[in-house]
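**Q** sequence unknown, structure follows:
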């Protein structure tokens with residue numbers, strides 16, 4: 001017996017971040033990329049024979065952190081600076097936001113792998129609620145400028 005899967009790419013985001021623990025590499029500096037992520041959905045087909053409605057992020061009733069899903073993605077990743085909550089220079093960077101120079105977002109950890117996990121956690125919860133348990137997110141692939149990618153594969 002087979003399974004149904006679908007996937008969707010979300011792109012067009014310009015994001016700045018740093019990996020402060022990468023002390024021996026240039027990744028410790030603030031740097032930006034055009035980022036995108038591909039979300040993999042799995043579940044039973046709906047009445048239209050779709051696993052996931054590709055426009056579903058725009059039409060969803062369920063919110064992510066109080067925002068429509070597409071608005072949440074833009075809020076988090078479009079022309080933003082993302083720092084880890086344990087970054088030792090977080091207070092310094094917060095001053096840039098206070099001056100109106102950046103849109104700061106703080107998450108548990110940065111880096112392609114941790115971004116993939118963070119997005120997975122947010123979207124899987126959203127999709128589960130939005131589809132009343134019919135669909136789950138199985139994987140999120142996070143990409144930096146189309147050359148580097150990391151994935152997080154959810155548990156079953």
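**A** It's in. The structure displayed is predicted, hence computed values, not measured ones.
**Q** same question for stretch 141-156, mean pLDDT?
**A** For stretch 141-156, mean pLDDT is 91.
**Q** mind listing what's buried in it?
**A** For stretch 141-156, burial by neighbour count (16 or more other CB atoms under 10 Å) applies to 141-144, 150-152, 154. In this view, the C-beta of every residue, glycine as well, is placed from N, C-alpha and C.
**Q** list just the nearest of the residues you listed to residue 129.
**A** residue 154 (15.3 Å; CB to CB).
**Q** which secondary structure element of this protein has the lowest mean pLDDT?
**A** Least confident helix or strand, the chain: helix 56-59 with a mean of 84, by mean pLDDT, DSSP states H and E.
**Q** can you give me the buried ones in the next helix or strand after that helix?
**A** Using DSSP states H and E, the helix or strand that follows helix 56-59 towards the C-terminus is helix 69-77. Buried residues in helix 69-77, counted by 16+ other CB under 10 Å: 69-70, 72-77.
**Q** tally up the residues packed near residue 120, please.
**A** 23 (other CB atoms under 10 Å).
**Q** which helix is the longest one in this protein?
**A** Ranked by residue count under DSSP state H, the longest helix found in the chain is helix 112-130.
**Q** would you mind getting the angle between that helix and helix 69-77?
**A** For helix 112-130 against helix 69-77, the angle by axes from the mean of the first three to the mean of the last three CA atoms, to 10 degrees is 160 degrees.
**Q** centre-most residue in the chain?
**A** residue 119 (3.3 Å; CA atoms, centre = their mean).
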